[in-house]
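Colleague: Kindly return the folded structure for what I paste below:
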Amino acid sequence: MKEAAGEANLTVVAIILIAVIVAVATPLISNLMKSSAKKSCCTDSGGVWKSNTCTDPGNNMYDATGYTSCLSAAGQ
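Modeller: Next up is the predicted model:
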């Protein structure tokens with residue numbers, strides 16, 4: 001009986017550890033996905049992603065309206 005109780009306790013500990021890992025990893029992955037979407041929209045609009053902002057590289061190909069609409073379409 002003690003072995004069964006020990007296995008049950010180990011299962012509870014494993015479930016708690018998995019929950020903690022998921023709770024920590026979810027915001028990190030979400031932030032990474034949002035940043036990746038912003039970089040992609042910037043590149044698609046002809047901009048350059050620098051210092052967490054989309055900047056005009058000065059080649060007359062940057063479309064700020066396109067960048068904004070891409071962000072809204074991506075849910076940013």
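Colleague: Which elements pack onto the longest helix seen in the chain?
Modeller: The longest helix of the chain (DSSP state H) is helix 2-44. Secondary-structure packing of helix 2-44 (3 or more Cβ pairs under 8 Å, 6 or more residues apart in numbering; DSSP states H and E): strand 48-50, strand 53-55, helix 64-73. Where C-beta positions appear, they are placed from N, C-alpha and C, glycine not excepted.
Colleague: Could you export these as TSV, including distance to Val24?
Modeller: Output for the helices and strands packed on helix 2-44, formatted as TSV (distance: least, Cβ to Cβ, whole Å):
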stretch	distance to Val24
strand 48-50	26
strand 53-55	28
helix 64-73	27
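Colleague: Which residues are in contact with Lys34?
Modeller: By Cβ atoms under 8 Å, 6 or more residues apart in numbering, the residues touching Lys34 are Gln76.
Colleague: ok so, going back, tell me how far the longest helix of the chain is from the chain's mean position?
Modeller: 13 Å (Cα atoms, centre = their mean, to the nearest Å).
Colleague: Between helix 64-73 and it, find me the angle.
Modeller: Here helix 2-44 runs at an angle of 160 degrees relative to helix 64-73 (axes from the mean of the first three to the mean of the last three Cα atoms, to 10 degrees).
Colleague: quick one on the thing from earlier: mean neighbour count added to the helices and strands packed on helix 2-44, as CSV?
Modeller: Output for the helices and strands packed on helix 2-44, formatted as CSV (neighbours: other Cβ atoms under 10 Å):
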stretch, mean neighbour count
strand 48-50, 13
strand 53-55, 14
helix 64-73, 14
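Colleague: Same list, the ones you listed, but as CSV with distance to Val22 and mean pLDDT please.
Modeller: Output for the helices and strands packed on helix 2-44, formatted as CSV (distance: least, Cβ to Cβ, whole Å; pLDDT from 0 to 100):
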stretch, distance to Val22, mean pLDDT
strand 48-50, 29, 92
strand 53-55, 31, 91
helix 64-73, 28, 90
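Colleague: I'd like to know which of the ones you listed is closest to Ala8.
Modeller: helix 64-73 (48.7 Å; Cβ to Cβ).
Colleague: Can you show me the CA trace of that closest one as PDB?
Modeller: Once non-C-alpha atoms are left out, helix 64-73 reads as follows in PDB (Å, rounded to 0.1, in the frame of the first residue of the first chain):
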ATOM      1  CA  ALA A  64       3.600  52.600 -43.200                       C
ATOM      2  CA  THR A  65      -0.100  52.100 -44.000                       C
ATOM      3  CA  GLY A  66       0.600  48.500 -45.100                       C
ATOM      4  CA  TYR A  67       2.500  47.900 -41.900                       C
ATOM      5  CA  THR A  68      -0.400  49.200 -39.800                       C
ATOM      6  CA  SER A  69      -3.000  47.200 -41.700                       C
ATOM      7  CA  CYS A  70      -0.800  44.000 -41.500                       C
ATOM      8  CA  LEU A  71      -0.600  44.400 -37.700                       C
ATOM      9  CA  SER A  72      -4.300  44.800 -37.300                       C
ATOM     10  CA  ALA A  73      -4.900  41.800 -39.600                       C
END
